[in-house]
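**Student:** build me a model from this:
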Amino acid sequence: MEASLPKAEPRPSPTGLAIMADEFTFSFTTTRFDEDYSPSESSRMTTNFANLARGEQRQQNLRNTLAMINRRFNDLAHWDNPNGDRYVVELEIVSVQLQFAAEGAHQQFPLLEILDTQIVDRWTGARHHGIVGNNFSSYVRDFDFSVLLPAFNEGAIKPSVPDDFGDLHGKLFQHFLDSAAYEERFAKSPVICISVSTSKTYHRTANHHPVLGVEYQQDEFSLTDEYFGKMGLRVRYFMPRGSVAPLAFYFRGDLLNDYSNLQLISTISTMETFQKIYRPEIYNANSAAPAVYRPSLEAQDYSLTEIAYDRVERSQLAITQGKYTEEHFITPHREVLEQWAGGYLTRVA
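**Tutor:** Predicted coordinates for the structure are as follows:
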């Protein structure tokens with residue numbers, strides 16, 4: 001599917017180049033995430049699912065990951081489910097390409113990847129759309145965190161961030177969500193679920209949701225929270241029943257009322273599984289988070305899932321892909337990107 005963004009009034013540049021919203025079109029490709037999944041050439045290699053699908057144990061990795069997701073889903077969706085096997089979660093990787101026209105030269109760039117969930121009721125045969133978003137990966141984010149930010153702080157005594165850090169990425173993401181391409185394919189806004197920050201402290205509240213669990217609140221926003229805020233997404237932290245640490249949920253609208261219980265469970269089961277594999281020190285710890293919680297990757301009291309995951313490779317690839325973005329997207333189109341971003345109004349999370 002491909003659709004142009006709503007047109008905006010042209011804004012003349014100093015060189016006479018008119019920057020309009022239809023400089024950008026978006027297209028989708030989807031790939032089934034199952035035990036036979038292999039990363040495409042255009043897929044970001046730092047994504048959780050791509051990392052799991054390499055090496056000698058790739059198929060067993062994928063099979064075990066999907067089994068963990070389904071077990072957790074049925075554990076949380078326990079009503080009318082006496083044997084704990086009523087539901088199956090199906091996953092699709094949604095790859096979003098940005099078709100970029102600048103000075104007559106058309107170029108397609110792999111903007112981002114998200115996960116889409118489908119819930120299959122084995123009793124009735126019904127299929128329910130889950131939540132889109134879940135995992136989130138972005139080449140431009142790799143550039144921001146792995147290339148731009150280290151260069152900005154080179155030689156600095158106290159690390160800091162540029163005032164406009166994340167502005168371009170946030171505007172591109174919001175533009176994508178407001179596009180006809182997104183609205184034609186997805187009925188609801190995305191929910192992205194990731195780990196809590198190891199640099200912040202979280203406090204348990206009295207608020208308790210029947211699916212999301214007990215809510216935590218942070219002492220202050222993390223850099224990631226602020227970055228997602230520029231994407232127009234708010235954050236809340238919940239620790240579901242049976243979990244040992246809160247998850248960070250980034251969303252538009254109303255997280256607690258815009259989605260059904262099954263939809264929320266699809267995100268929890270999927271992303272908690274990834275976090276148990278990727279950050280076992282936090283999400284596969286042998287004891288649950290206390291009322292005042294400071295997550296740490298230095299913790300020793302945790303269990304491994306025995307699913308192979310290369311965190312070192314993931315960090316190295318983020319740098320490689322950030323430099324790729326600089327070379328093939330940021331540098332050749334800098335003038336057009338800056339002019340477009342300067343005239344684009346975003347919503348504040």
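
**Student:** going forward, measure contacts between C-alpha atoms and count neighbours the same way
**Tutor:** Will do.

**Student:** and the contacts of stretch 78-97?
**Tutor:** Contact with stretch 78-97 is made by 26-34, 43, 69-71, 73-75, 108-123, 266, as judged by CA atoms under 8 Å, 6 or more residues apart in numbering.

**Student:** next, the distance between the ends of that stretch.
**Tutor:** Length of stretch 78-97, first residue to last, CA to CA, to the nearest Å: 38 Å.

**Student:** how distant is that stretch from the center of its chain?
**Tutor:** Taking CA atoms, centre = their mean, to the nearest Å, one finds stretch 78-97 lying 18 Å from the centre of the chain it belongs to.

**Student:** tell me which residues in that stretch are buried?
**Tutor:** Within stretch 78-97, the residues scored as buried using 16 or more other CA atoms under 10 Å are 84-97.

**Student:** then stretch 189-198?
**Tutor:** In terms of neighbour count (16+ other CA under 10 Å), stretch 189-198 has its buried residues at 189, 190, 191, 192, 193, 194, 195, 196, 197.

**Student:** could I have that stretch exported to PDB, CA atoms only?
**Tutor:** Listed next in PDB are the C-alpha coordinates belonging to stretch 189-198 (Å, rounded to 0.1, in the frame of the first residue of the first chain):
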ATOM      1  CA  SER A 189      -2.700   4.500  17.100                       C
ATOM      2  CA  PRO A 190       0.300   2.400  17.900                       C
ATOM      3  CA  VAL A 191       1.500   1.400  21.300                       C
ATOM      4  CA  ILE A 192       5.300   0.900  21.700                       C
ATOM      5  CA  CYS A 193       6.400  -1.200  24.700                       C
ATOM      6  CA  ILE A 194      10.100  -1.200  25.800                       C
ATOM      7  CA  SER A 195      12.200  -1.500  28.900                       C
ATOM      8  CA  VAL A 196      12.300   1.000  31.700                       C
ATOM      9  CA  SER A 197      15.500   3.100  32.000                       C
ATOM     10  CA  THR A 198      18.400   2.000  34.100                       C
END
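
**Student:** hmm, residue 299 is touching residue 279, no?
**Tutor:** No: Residue 299 lies out of contact with residue 279 (CA atoms under 8 Å); the separation is 10.6 Å.

**Student:** next, count neighbours for residue 141.
**Tutor:** When neighbours are counted by other CA atoms under 10 Å, residue 141 registers 22.

**Student:** distance of it from residue 285?
**Tutor:** From residue 141 across to residue 285, the span is 29 Å (CA to CA).
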